[in-house]
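Student: next one to model:
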Amino acid sequence: MGEFAIHLQNISKCFKRYDRPRDRLKELLLPGKSRASEFWALRDIHLEIEAGETIGIVGENGAGKSTLLQIIAGTLTPTTGTVKVSGRVSALLELGSGFNPEFTGRQNVFFNGRLLGLSQQEIRSKFDDIAAFADIGDFIDQPVKIYSSGMFIRLAFAVAVSSDPDILIVDEALAVGDVYFQQKCFERIRALQRSGTTLLFVSHDPGSIYNLCDTAILFESGHIVLKSTPRQVLDRYEANLIKQRDAHPNALAIQNSTNELIETSLEDVAVVTSDVKIQFVELRDDDGQKVDTIVSDQWVEICVGVLFLQDFSDPIVGFKIRDKTGATLFVNHTYNMNQPIGQVSQNTPITVRFRLRVPLIEGTYTVTIGVADGGFGEGQFKRALAYVHNTAVLQVLKNKAAMNWGGIINLNPTVTIDRPSHA
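Tutor: Numbering: from 1, shown residues only. Here you go, the predicted model:
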């Protein structure tokens, strides 16, 4: 086991909440009687993070993620517990934190650099690189209070990574800004990872968590409820969101009786109700034969058998393709494809077949199946009936007959070369 960059023991944080502003004043003038209620943002957090680890943190708004990061960054004091942090910490927390809105961008670079522990000479030597990375032009000499959110985060991120931190904390900051700047930020983050920087990364973007993080943590109501691989944590988080969105009283937690006809572990089941059973999921080739291995760019049919145990007026069936890390590559369903199943009565079995070309790089992929009732729009349904990961595994082999290509998906491009005509 390596050296710990962060060690948290028994961390809790309590905030006081007042129903009315004057209650706060009354408590000051008349001590001895509390007029506030307690809100525990964090409860008994124990966390050890090794130097060089990249940890993704997910959870709903108000779950305690930002409070934890502020405590690690030293901008907030815990109510109980001890915090041990080794090395220089650079944090991108709330938009605007650490910057004086009346100062120019240039002045804030020096001001924030000193907060990060850099000397004036170090900041001067790094300034040109900071300004070039932020790429905000002449606005560097304008007050930051006139900056757009995108310009602000450009400068804040450039300053944060310039200090060569031992620990970098990023709290949703990269959700702001254009795609080109985001790519530049991710490239810099990967360079910091290679140099051994410890990274704490909060994001609602699953793709970023999958691509950057070694481990992920799920927060719920001030508690760490799961620390595991990004795939397991994000699957659990997604399941929680689906269950909360679904107010149907028959929605059940994960149970052993789930989808008895499909051999799947409990962690693969995100949502299940007593209203449907997924009877089978099969992959078939163009001859109708079951397959689990194909070559890249081959056609395949995903066949889903669903038994509806209640009457439904507008059921929907869909699928998702994921790679070995759990990152989603493609999602679609009958609602999006304008192919309504139509009304079904109780105990009606339905088979839905999705035919698609698979132009993926060689590797192992899994199929997630979802069943819902009633569509409001893309990805929005009245009720989730079943949502099961890893219902089928597809091995994709290299297509030796195809041209060489790189990346994840073969877009099958064509090329035309125009030469100038000669008189």
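
Student: can you pull out the helices in the stretch 201-350 of the chain?
Tutor: Assignment of helices within the stretch 201-350 of the chain using DSSP state H, counting those that start in this stretch yields the ranges 206-212, 230-245.

Student: low-confidence regions, the stretch 251-400 of the chain specifically.
Tutor: Residues of the stretch 251-400 of the chain meeting the criterion pLDDT under 70: 251-270, 376-379.

Student: switch the cut-off to 50
Tutor: Within the stretch 251-400 of the chain, the segments meeting pLDDT under 50 span 251-266.

Student: related to what we said a few turns ago, mind telling me which of the helices of the stretch 201-350 of the chain the model trusts least?
Tutor: Per-stretch mean pLDDT for those is lowest at helix 230-245 (a mean of 83).

Student: quick one on the thing from earlier: and of the helices of the stretch 201-350 of the chain, who's closest to Pro413?
Tutor: Checking those against Pro413 by CB to CB gives helix 206-212 as the closest, at 23.5 Å. Quick note: C-beta positions are derived from backbone N, CA and C, even for glycine.

Student: for that closest one, packing partners?
Tutor: Applying 3 or more CB pairs under 8 Å, 6 or more residues apart in numbering; DSSP states H and E, we find helix 206-212 packed against strand 54-59, helix 179-194, strand 198-202, helix 230-245.

Student: try it again with 10 Å
Tutor: Counting contacts by 3 or more CB pairs under 10 Å, 6 or more residues apart in numbering; DSSP states H and E, the secondary-structure elements packed against helix 206-212 are strand 54-59, helix 179-194, strand 198-202, strand 215-220, helix 230-245, strand 328-333.

Student: how far is the fourth one from where the chain is centred?
Tutor: Going back to what we said before, that points to strand 215-220. Offset of strand 215-220 from its chain centre (CA atoms, centre = their mean, to the nearest Å): 11 Å.

Student: what sits against the residue nearest to the spatial centre of the chain?
Tutor: Closest to where the C-alpha atoms of the chain average out (CA atoms, centre = their mean) is Pro206, at 2.6 Å. By CB atoms under 10 Å, 6 or more residues apart in numbering, the contact list for Pro206 reads 56, 58, 216, 230-231, 233-235, 237-238, 326-328.

Student: out of the helices of the stretch 201-350 of the chain, which is closest to Asn10?
Tutor: Taking CB to CB as the criterion, helix 230-245 is the member of the helices of the stretch 201-350 of the chain that comes nearest to Asn10, at 22.7 Å.

Student: flag every buried residue along that closest one.
Tutor: For helix 230-245, burial by neighbour count (16 or more other CB atoms under 10 Å) applies to Pro230, Arg231, Val233, Leu234, Asp235, Arg236, Tyr237, Glu238, Ala239, Asn240, Ile242, Lys243.

Student: output stretch 274-292 as CSV, restricted to C-alpha atoms.
Tutor: The C-alpha trace of stretch 274-292 is given here as CSV (Å, rounded to 0.1, in the frame of the first residue of the first chain):
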residue,chain,number,x,y,z
SER,A,274,-43.7,-6.9,-10.5
ASP,A,275,-45.3,-5.8,-13.7
VAL,A,276,-42.9,-7.3,-16.3
LYS,A,277,-40.4,-10.1,-16.7
ILE,A,278,-37.6,-10.0,-19.2
GLN,A,279,-37.7,-13.6,-20.4
PHE,A,280,-34.7,-13.7,-22.7
VAL,A,281,-32.1,-11.5,-24.5
GLU,A,282,-30.4,-13.0,-27.5
LEU,A,283,-27.9,-11.8,-30.1
ARG,A,284,-28.5,-13.2,-33.6
ASP,A,285,-26.8,-13.0,-36.9
ASP,A,286,-28.4,-12.5,-40.3
ASP,A,287,-29.2,-16.2,-40.5
GLY,A,288,-31.1,-16.0,-37.2
GLN,A,289,-28.4,-18.0,-35.4
LYS,A,290,-27.5,-17.1,-31.8
VAL,A,291,-24.1,-15.4,-31.6
ASP,A,292,-21.8,-14.0,-29.0
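
Student: list the buried residues in it.
Tutor: Neighbour-count burial for stretch 274-292, with 16+ other CB under 10 Å as criterion, is recorded at Asp275, Val276, Lys277, Ile278, Gln279, Phe280, Val281, Glu282, Leu283, Arg284, Val291.
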